[in-house]
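>>> From the sequence below, what's the structure:
(chains A and B)
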Amino acid sequence: MILQLIIGGTATGAIYALMAMGFSLLWQTSQTINFAQGEFVAAAAFIMLIFYDALKLPYVISLTLTLIVAVGILGVLFRKVVVERLIKTGLLSLICATIAVGIMVRNSLIFYTAESMAFPSIVSKEAIPLLTIRISPLDVLNISLAALVIIALQLFIRKTKPGKALQAVAQNRDVAEVLGIDVGRMSTLAFAINAVIVTFAAILVAPVYAAKYNMGLALGLRAFYAAIIGGFNQTRGALIGGLLIGYIEVFTIAYITTQYSEVVILVIVIGIILFKPEGIWGTKEVWSREL
Amino acid sequence: MFRPFLAKAWKFAVIAIVLLIIPRFLGIYTIYIYSWLLVYLIAAYGLNLILGYAGQISLAQAAFMGIGAYVMAILVTRGVSFWIALPAGALLSFGVGLVLGFPALKVKHHYLAMVTIGFNFIMYKLFENQEAITGGYYGIFDITRPGIGSLRFDSDLAYARVIAMVTLFMIIIMYWILNTRWGRAFKMIRENEVRAEIVGVDVRAYKLIVFAIGSAYAGVAGGLLAPLLGYIEPSLFELMISFDFLLMVLIGGRGRFEGPLIGIAVVILLPEFLRITHQANLLIFSLIAVIVLLLAPEGGASLWDWIFKRVTGRKPPSLTK
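As a prediction, this is how the structure comes out:
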């Protein structure tokens, strides 16, 4: 039982971690708190549905097209139209705008369908009995693919030239600019990476819970909690935070309460904010300019 | 501190008379819309104070409205007077606002946004699951309307007038707050937090107070809503309603005294004319909100000023100095 819960918690937690990572990436490189993160996942799931379900394209081609559209709209367009303009006027306007964009996305998805849509997966959704427990192939896929994306992201940031530039921007914007890094372009890159991340989160989470127009809200919230718990300015913090939220969720539902699992998570998050606002793993924020 | 307020007193008297006369000319349905609009206006004013004057975000206005409404419903169905239940709901909202704002305001403001979203979720769950107190999924019925002595305000018309007077009272209080030392401190914090701190303003305390006052406004709105409908249920106070309030304030232009009026007019009245689905409405509102933000990031009211100037060729009148 416990082992089964741990696997389940890791699987959902891995998805939260993925989303939280995109979240903290945007915060570090572009000082953007994206309250539409959950809706972005929902949007990516629906774009995928359009290609796969409505246009009947093969899975891999649908995914490729979804990635391209997501990077274009949720990444580059979102950054150019909304973020770039509002970042200069301060965080408050930007937060308001991303919330409004989230509402916009949620209520436009309903025009495709208000129903819960079964979402394709490359593995079977039937659980396989293994010794004393049952293992869902979906969980295994979620854990491994999320791990793969996270490792790929880490390698990109640490080993490649654009990745290092991105890191420099995250560490100190002004110095990065002085050193000749195009900060604006790096910010666009970060938004593009985030679009890729949310697309992967979408194809992982949607087969588990089915795709619905309002699926984003709870997801986005969990990603934000994960980022708060782990610390906003550490990628590994997002990983730890995401997994923790996954475990807390699974274990409270199994042992304590189903109705109030949200409450338990929130109490922990508020506790973290009160006593360790930089997060479990994060370090104190040192910004060259006050936001 | 009362002088600017007294100077405007006659204006408020005129507004009071207009507010009392308007429902006389409305039909059954439009009286209901009128009452609904005024109730929402109070909650929107609360959020405008939080968002526009203290630069904080609350996405729990619906939950605080719920607190006010449930306090009203629970007390009134047990025989307590409306006039006691209304301030009681406001006070509870104020207190809960203080407790909720305290951890979040220790850090950056997006935490408050997140915490309030979570809080709205939790309150909804409580309303739905604490059946012994809240009636659970079905809510509470038979919430009677108030009276003073033998004078009853049971008719839609009479109760609309009660709502109008309470709304005006709340707006006057808001106006008074903004023109006192507190109000100046709020504005100073909004414009430059660091400078406010240097001058000796306790920024955190003020932010907390603003958040609590804004929440109390939602509590009053909820208290008025319960007898208006005669029943309450959890879905009236779900997170989406909080988003509606945010859109209202953003559309009207945060941080302007008349902002919520414009926002409420758009958000409540436009659907009455368009007659499309709620989702389509939200799509339009969120689009307007984003456009307003993009065109006038400092607060949408300046955009409405510009439109007013374009249309009428005159400088827009200002309600505050």
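>>> all helices for the stretch 151-291 of chain A, in order.
Using DSSP state H, counting those that start in this stretch, the helices of the stretch 151-291 of chain A run over A:161-171, A:173-178, A:183-209, A:216-230, A:235-251, A:261-275.
>>> Chain B is nearest to which of the ones you listed?
helix A:261-275 (4.2 Å; C-beta to the nearest C-beta). For glycine as for every other residue, the C-beta is placed from the backbone atoms N, C-alpha and C.
>>> and residue 111, what does it touch?
In the absence of a named chain, chain A is used. B:Gln279 (C-beta atoms under 8 Å, 6 or more residues apart in numbering or on different chains).
>>> right idea, wrong chain: chain B
A:Ile228, A:Ile273, A:Pro277, B:Pro103, B:Ala104.
>>> what about stretch A:246-260, how long is it end to end?
Distance across stretch A:246-260, first residue to last, is 15 Å (C-alpha to C-alpha, to the nearest Å).
>>> Mind checking if it is in reach of chain B?
Yes. Stretch A:246-260 reaches chain B (C-beta under 8 Å from any C-beta of the partner chain) through A:Gln259, A:Tyr260.
>>> Could you check how far that stretch is from the centre of its chain?
Remark: stretch A:246-260 is offset 21 Å from the chain centroid, using C-alpha atoms, centre = their mean, to the nearest Å.
>>> Can you give me the buried ones in stretch B:192-203?
Using 16 or more other C-beta atoms under 10 Å in any protein chain shown as the test for burial, stretch B:192-203 gives B:Ala196, B:Val201, B:Val203.
>>> Can you say which of the helices of the stretch 151-291 of chain A is packed in most?
Burial of the helices of the stretch 151-291 of chain A is given as mean neighbour count (mean count of other C-beta atoms under 10 Å in any protein chain shown); helix A:216-230 ranks first at a mean of 26.
>>> residues contacting residue 47?
Here I'm looking at chain A. Counting by C-beta under 8 Å, 6+ apart, A:Ile47 has contacts A:Leu65, A:Thr66, A:Val69, A:Ala70.
>>> not quite, I wanted chain B
B:Ser58, B:Gln61, B:Gly214, B:Tyr217, B:Ala218, B:Phe245, B:Leu246, B:Met248, B:Val249, B:Pro260.
>>> Could I get the buried residues of stretch B:192-203 in a markdown table, plus columns for pLDDT?
Output for those, formatted as a markdown table (pLDDT from 0 to 100):
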| residue | pLDDT |
| --- | --- |
| B:Ala196 | 81 |
| B:Val201 | 81 |
| B:Val203 | 83 |
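>>> Could you dump these into CSV and include distance to B:Ala226?
Shown next, in CSV, are these (distance: C-beta to C-beta, whole Å):
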residue, distance to B:Ala226
B:Ala196, 38
B:Val201, 37
B:Val203, 36
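>>> and which of the residues you listed is nearest A:Ile197?
Of all the buried residues of stretch B:192-203, A:Ile197 sits closest to B:Val203, with 35.6 Å by C-beta to C-beta.
>>> Surely that closest one is in contact with B:Asn192?
No. If you go by C-beta atoms under 8 Å, B:Val203 and B:Asn192 don't touch, sitting 10.4 Å apart.
>>> ok, B:Leu282 - contacts?
Per C-beta under 8 Å, 6+ apart, neighbours of B:Leu282: A:Ile103, A:Arg106, A:Asn107, B:Phe243, B:Asp244, B:Leu247.
>>> before we move on, back to that, can you put the buried residues of stretch B:192-203 in a markdown table and add secondary structure?
Putting the buried residues of stretch B:192-203 into a markdown table (DSSP: H, G, I helix; E, B strand; the rest coil) gives the following:
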| residue | secondary structure |
| --- | --- |
| B:Ala196 | helix |
| B:Val201 | coil |
| B:Val203 | helix |
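>>> CSV for those, including distance to chain A?
Below are those laid out as CSV (distance: C-beta to the nearest C-beta, whole Å):
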residue, distance to chain A
B:Ala196, 13
B:Val201, 17
B:Val203, 13
